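Enquirer: Sequence unavailable; structure follows:
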RNA sequence: UCCGCGAUAGCUCAAUGGUAGAGCAUUCGGCUGUUAACCGAAGGGUUGUAGGUUCGAGCCCUACUCGCGGAGCCA
């Protein structure tokens, strides 16, 4: 591969004459000097075009550059504390690559609708770049964490014949002569099969929910990582969840500090994310709500507002476990101490960011699982293979799902998950 | 599906029921250290759509469309 120089490498090139390529981020001029701010995806560099230092043609060419014009620029690099990034280029030569006229996203405030309509261009801006880089670092931290801990990546199908949880609405399609098929809302059931084969697995990919949710926490297409482990009980599951979250947050703090600063995120809120996380039961959570004067009906699931109140009591993510079985999915194992409760856990992010993890110990008894399938009016036929996992050497096992976008949103301190993914899919938007 | 808010220049927003405005962007002119640069000028409008009230509607009324936020559901 031919060596190319990027703005992020400039420390190695001070005093040298080099060529860089990129786009014009912004420009200021004052008659005899022009300041071109070059961006190349790795950073920003102020390129100074002095009249007299360059030919008349080059100076005139620079005057024609608009926002997002692409070009090659050649000149000497020097340290310059006044400039963005601490370096500056004294321009000697310029070459136009692609013109740009009337770029819609100006250095000015814009509304969310306009920015989402121009999402393909919005991702070029500084904040969006920072968010996407943090998203990548989080995804890498997730993969690293599981790879280092003996997990095998296990890719489940995206087209499935069945619903994992009867409650959610699924995107439906006609699948040749086999009738209806659906886009997956979770790889978990397949993950369980993987855990019985490989011991510890994780799935990591897009999932789809056709619910008409219209809030800052919802996308119709989102990414989820779902570990599934044989011989793990609920406590083991919670241990793993808090270890993962701590690792993700600390990785971002170590490697993406400048991006966190661009977002003006309060870093102390992230620094406190250290094990152990508080673990409270559903009953404890209800007590907290009651003591706060919330009119909460025991037995209901926690709503968004309830989660905010509970998570507000702690400076790090809180794990709420042992929910009423009735509000949880059919595959969750009941608590032997109290069969009305499911061995489930939700991890609530701080600052009102809500549920980022939902997990449980799974029902491993084939007869109890059959009962649950009947109680939920699910068709047994599509679950035959899933029942086989309990028929041939069933073992206690657990897992959870972590929503990538909600995690990114929380770590970045964003208002809305739509900025956490390059092209968000929402109930009223599937473009660009 | 339900509740609330909104739609005016390319963008962000003003405009007591009485001549449609500003900043940014664009174009032109000025400026040798700018940091969302600055100064001057110009072009830019079927006020979301359809109807109604009125001498007169961007503004009041009705319906619709689209968007935003929330509820439910969930990661």
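Expert: Looks like it arrived, so ask away. Keep in mind that what you see is a predicted model, and the values were worked out from it rather than measured.
Enquirer: Please count neighbours and contacts with C-alpha atoms only from this point.
Expert: Will do.
Enquirer: Was I right to think residue A:204 contacts residue A:224?
Expert: Yes - Residue A:204 sits in contact with residue A:224 when judged by C-alpha atoms under 8 Å, with a separation of 5.8 Å.
Enquirer: Could you list the low-pLDDT ranges of chain A?
Expert: Low-confidence regions of chain A, defined here as pLDDT under 70, cover residues A:162-168.
Enquirer: Domain-wise, how is it divided?
Expert: Annotated domains of chain A cover A:7-98, A:119-419 [automatic domain parsing].
Enquirer: a markdown table for the ones you listed, including distance to residue A:112 and mean neighbour count?
Expert: As requested, the domains of chain A are exported to a markdown table (distance: least, C-alpha to C-alpha, whole Å; neighbours: other C-alpha atoms under 10 Å):
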| stretch | distance to residue A:112 | mean neighbour count |
| --- | --- | --- |
| domain A:7-98 | 21 | 17 |
| domain A:119-419 | 10 | 18 |
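Enquirer: Mind listing the strands the helix or strand containing residue A:38 pairs with, and their directions?
Expert: Mapping residue A:38 onto the secondary structure by DSSP states H and E places it in strand A:33-39. Sheet pairing here is set by DSSP bridges, and for strand A:33-39 it gives strand A:17-29 (antiparallel), strand A:44-50 (antiparallel).
Enquirer: thinking in terms of the whole chain, how far from its middle is that strand?
Expert: Relative to its parent chain, strand A:33-39 has a centroid offset of 33 Å by C-alpha atoms, centre = their mean, to the nearest Å.
Enquirer: same check, this time on stretch A:2-20
Expert: Put simply, stretch A:2-20 sits 32 Å off its chain's centre (C-alpha atoms, centre = their mean).
Enquirer: Please enumerate residues in contact with that stretch?
Expert: Residues external to stretch A:2-20 that are found in contact with it (C-alpha atoms under 8 Å, 6 or more residues apart in numbering): A:39-40, A:42-45, A:72-79, A:87.
Enquirer: at 7 Å instead, please
Expert: With contact meaning C-alpha atoms under 7 Å, 6 or more residues apart in numbering, stretch A:2-20 is reached by A:40, A:42-45, A:72-79.
Enquirer: In strands, which of these fall?
Expert: Among the contacts of stretch A:2-20, the ones falling in strands (DSSP state E) are A:44, A:45, A:72, A:73, A:74, A:75, A:76, A:77, A:78, A:79.
Enquirer: Save the residues you listed as CSV, and put in distance to RNA strand B too.
Expert: CSV is the format used below for these (distance: C-alpha to the nearest atom of the strand, whole Å):
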residue, distance to RNA strand B
A:44, 11
A:45, 10
A:72, 19
A:73, 16
A:74, 16
A:75, 13
A:76, 12
A:77, 12
A:78, 10
A:79, 10
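Enquirer: Among these, which pair sits farthest apart?
Expert: The distance between the two most remote of the ones in strands among the contacts of stretch A:2-20 (C-alpha to C-alpha) is 20.3 Å, for A:72 and A:79.
Enquirer: for residue A:277, helix, strand, or coil?
Expert: Applying DSSP: H, G, I helix; E, B strand; the rest coil to residue A:277 yields a three-state assignment of coil.
Enquirer: what's near enough to touch residue A:227?
Expert: For residue A:227, the contacting residues are A:201, A:202, A:203, A:399, A:400, A:401, by C-alpha under 7 Å, 6+ apart.
Enquirer: Can you list the neighbours in contact with the helix or strand where the third one lies?
Expert: Under the criterion DSSP H and E, the helix or strand holding residue A:203 is strand A:200-208. Applying C-alpha under 7 Å, 6+ apart, the contact partners of strand A:200-208 are A:150-156, A:183-187, A:191, A:194-195, A:220-230.
Enquirer: near RNA strand B, from those residues?
Expert: The subset of these lying close to RNA strand B, counting by C-alpha under 7 Å from any atom of the strand, consists of A:220, A:221, A:222, A:224.
Enquirer: Out of those residues, list just those in helices.
Expert: When DSSP state H defines the helices, the subset of these inside them is empty.
Enquirer: Quickly check those residues for the two that are furthest apart.
Expert: Looking across those, with C-alpha to C-alpha as the criterion, the two at the greatest separation are A:220 and A:224, at 12.3 Å.
Enquirer: Helices along the stretch 51-200 of chain A, start to end?
Expert: A:56-63, A:112-117, A:119-122, A:126-148, A:188-198 (DSSP state H, counting those that start in this stretch).
Enquirer: so what does the longest one touch, helix or strand wise?
Expert: Translated: helix A:126-148. For helix A:126-148, the helices and strands in contact under the criterion 3 or more C-alpha pairs under 7 Å, 6 or more residues apart in numbering; DSSP states H and E are helix A:234-255.
Enquirer: And for whichever helix or strand comes after the helix it packs on, what's in contact with it?
Expert: Toward the C-terminus, helix A:234-255 is succeeded by helix A:257-262 as the next helix or strand (DSSP H and E). The set of residues external to helix A:257-262 that reach it, using C-alpha under 7 Å, 6+ apart, is A:127, A:130, A:412.
Enquirer: Show me the one of the helices of the stretch 51-200 of chain A that comes nearest residue A:337.
Expert: Of all the helices of the stretch 51-200 of chain A, the one in closest proximity to residue A:337, counting by C-alpha to C-alpha, is helix A:188-198 (24.4 Å).
Enquirer: What angle do strand A:200-208 and that closest one make with each other?
Expert: Helix A:188-198 and strand A:200-208 are oriented at 160 degrees to each other (axes from the mean of the first three to the mean of the last three C-alpha atoms, to 10 degrees).
Enquirer: near RNA strand B, which residues of the stretch 51-200 of chain A show up?
Expert: By the rule C-alpha under 7 Å from any atom of the strand, the part of the stretch 51-200 of chain A lying against RNA strand B is A:51-52, A:66-67, A:80, A:82-84, A:88, A:101-104, A:106-114, A:167-168.
Enquirer: I'd like to know how far residue A:82 sits from residue A:36.
Expert: Using C-alpha to C-alpha, to the nearest Å, residue A:82 is found at 14 Å from residue A:36.
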